[in-house]
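Q: What shape does this take:
(chains A and B)
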2 protein chains.
Amino acid sequence: MELWYTEKHTEDVKLSIRIDRELYSEESEFQRIDILESKEFGRIFTLDGLMMVTEKDEFIYHDMIVHVPMATNPNIKNVLVIGAGDGGTIRELTRYKSIEKIDMVEIDERVVEVCKKYLPKTACKLDEERVNIVYEDGLRFVRNKENEYDLIIVDSTDPFGPGEGLFTKEFYGNCYKALSEEGILVNQHESPYYEYYSRSMKDAHKKIQGIFEIHKVYQAHIPTYPSGHWLFGFASKKYDPIKDFDARSWENLGIKTKYYNTELHVGCFALPTYVNELLEGDTE
Amino acid sequence: MELWYTEKHTEDVKLSIRIDRELYSEESEFQRIDILESKEFGRIFTLDGLMMVTEKDEFIYHDMIVHVPMATNPNIKNVLVIGAGDGGTIRELTRYKSIEKIDMVEIDERVVEVCKKYLPKTACKLDEERVNIVYEDGLRFVRNKENEYDLIIVDSTDPFGPGEGLFTKEFYGNCYKALSEEGILVNQHESPYYEYYSRSMKDAHKKIQGIFEIHKVYQAHIPTYPSGHWLFGFASKKYDPIKDFDARSWENLGIKTKYYNTELHVGCFALPTYVNELLEGDTE
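A: Model prediction:
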């Protein structure tokens, strides 16, 4: 039998991955959750049919969303993670002994349960003692937080469906308030290439730019995401990811990574000209 | 009617692009040549069914294969280009007034003729007076050249089929001999992600490493190439692409580019850890 998972990256472009079999499928209160088994990418986790995580390339996304802010300020103690039900972001965060508390706010408890069962390699640290999982809308959760976190990571889905509120001005403003004076906000920032995604990227960037003192964008190569070119937003009150970066301090921690390294930390902020122009331009 | 062009990136992964219609197809002496019309990527040029160039994203590949070496040594005068029948590399090279002569060696005259007719945006400078096109096997052409070029660009197909000889030790050795004391060799270096491509990448790197004093690898995001993560090899006798790079000199030339810029020039040499490990490791 031939079984192919296909994601439309635009109406006219699609990526297909050969599937061995479907391991699990459910319709939760918020979205459709599927787990597929593939030879090329190992297990694949999708939400509403969109690619979230594959076992083979998830290290790229999780390395970049966690180690870039952590290496910028190695004194981060209190972290808030929004989304991230698959556990990959939490797994990387728990490698830092200096972190005291990680609040994780995930809207859909079923995502966490399904990932614990089917993606043990990413979900392996969700029960760690420093991790406190709250099942709530992230937008609502940050509303009444003040000066509580050194780092907020928004590990959201695309800004369509349940993740929509996590791309609003109100949400970014509440994150600013929830952060300490040393606070850093990192979010997944969509792709610059296809217009459908680049509009979200421009829109998110413009909103963050209006709120945070420092706002930069960095990139990574993620083979299973649309166009393979993915961006992350780095926003902060005080820390500049390049000027305040001390490569030696991070290297001394002895954390082994497969994608992130201290040279790439600097290099990933150098964006192509057309991406810089999109970020600087006006959003219609 | 639905018409889709599909390229298998591995046996288990495929990228498909909706096609409006096929504009041209022929079987030349060396390979099958096709030109397709698409909404998402404009015109698409394939060889033996493999993606070579699309009108929409070709700027990325051509910017990176030309401007990185040219900005490293702005005194380059004599250039040899191997392959590159679509003309994109030539178009970018002709933007440098300082270049005196460009020899282009393409094995398949039909590729040049077809691209001139169907890809006028990339092929527009193939008739420029400094350009001298030779229809010959690149491997044979460089054999009897000595100290003749400041830059050799190997804009080849994958190392399967007609491009195979352009990934051999003999060829790289002949390139070294054909280069002046200031010489730089840049080649398309395949992708690090899928094993099928990363084996070619490791193999090419190991051979170049044994011949050239300076050997580095840099990366770009190319949406239509397998995994979207593509590499280029930079090898030279004298010039280091970072240490000898003078951003100001290049900026003074006033060349407008959509992908390349002087920050990215430095950033693109910072590779992910797993890619560094593949490049440093032994090839079986």
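Q: Please count neighbours and contacts with C-alpha atoms only from this point.
A: Fine.
Q: helix or strand right after the helix or strand of chain A with the lowest mean pLDDT?
A: Within chain A, no helix or strand scores below helix A:195-209, which has a mean of 92 by mean pLDDT, DSSP states H and E. Counting by DSSP states H and E, the element after helix A:195-209 in chain order, helix or strand, is strand A:214-221.
Q: Look up the closest residue to whichever residue of the stretch 151-284 of chain A sits closest to chain B, ignoring the ones flanking it.
A: With C-alpha to the nearest C-alpha as the measure, A:G267 is the residue of the stretch 151-284 of chain A nearest to chain B, at 3.7 Å. Closest residue to A:G267 apart from its sequence neighbours, by C-alpha to C-alpha, 6 or more residues apart in numbering or on different chains: B:G267 at 3.7 Å.
Q: Could you list which residues are in contact with that neighbour?
A: Counting by C-alpha atoms under 8 Å, 6 or more residues apart in numbering or on different chains, B:G267 makes contact with A:L264, A:V266, A:G267, A:C268, A:F269, A:A270.
Q: gap between it and A:Q188?
A: 20 Å (C-alpha to C-alpha, to the nearest Å).
Q: Surely A:L278 touches A:K202?
A: Yes: when contacts are counted by C-alpha atoms under 8 Å, A:L278 is listed as touching A:K202 (6.5 Å).
Q: Looking at these two, which is more packed in?
A: A:K202 (23 against 16; other C-alpha atoms under 10 Å in any protein chain shown).
Q: Spatially nearest residue to the more buried one, not counting backbone neighbours?
A: Distance criterion C-alpha to C-alpha, 6+ apart; nearest residue to A:K202, sequence neighbours excluded, is A:L279 at 5.5 Å.
Q: partners of the longest strand belonging to chain A in the sheet?
A: Longest strand of chain A, by residue count under DSSP state E: strand A:13-27. According to DSSP bridges, strand A:13-27 forms sheet pairs with strand A:4-10 (antiparallel), strand A:32-38 (antiparallel), strand B:13-27 (antiparallel).
Q: Any idea which of those gets closest to A:D240?
A: strand A:4-10 (32.9 Å; C-alpha to C-alpha).
Q: List the contacts of the closest residue to A:S200 other than its chain neighbours.
A: Leaving aside its sequence neighbours, A:S200 sits nearest to A:E190 (C-alpha to C-alpha, 6+ apart; 6.8 Å). By C-alpha under 8 Å, 6+ apart, A:E190 lies in contact with A:D158, A:Y197, A:S198, A:S200, A:M201, A:W230, A:L231, A:F232.
Q: Report the distance from stretch A:268-275 to the chain centre.
A: Averaging C-alpha positions (C-alpha atoms, centre = their mean, to the nearest Å) puts stretch A:268-275 19 Å from its chain's average.
Q: ditto for stretch A:90-98
A: 15 Å.
Q: now swap in stretch A:166-184 and tell me
A: With C-alpha atoms, centre = their mean as the basis, stretch A:166-184 stands 16 Å off its chain's centre.
Q: repeat for stretch A:49-59
A: 12 Å.
Q: do the same with stretch A:255-266
A: Taking mean C-alpha positions (C-alpha atoms, centre = their mean), stretch A:255-266 and its chain are 17 Å apart.
Q: Now do A:D282, the pLDDT please.
A: Per-residue pLDDT puts A:D282 at 57.
Q: Repeat that for A:P159.
A: 82.
Q: now A:V111
A: So A:V111 comes in at 97 (pLDDT).
Q: Ramachandran angles for A:F269?
A: Dihedral pair for A:F269: phi -90, psi -10, per degrees, to the nearest 10.
Q: how about low-confidence regions in chain A?
A: Counting by pLDDT under 70, chain A contains low-confidence ranges at A:282-284.
Q: just the helices in it please.
A: Taking DSSP state H as the criterion, chain A carries its helices at A:58-72, A:88-93, A:109-118, A:120-123, A:138-143, A:169-178, A:195-209, A:247-252, A:262-267, A:273-280.
Q: what's next to the fifth one, contact-wise?
A: Meaning helix A:138-143. Outside helix A:138-143, the residues touching it (C-alpha under 8 Å, 6+ apart) are A:I82, A:G83, A:V105, A:E106, A:I107, A:G165, A:L166, A:F171, A:N174, A:C175, A:A178.
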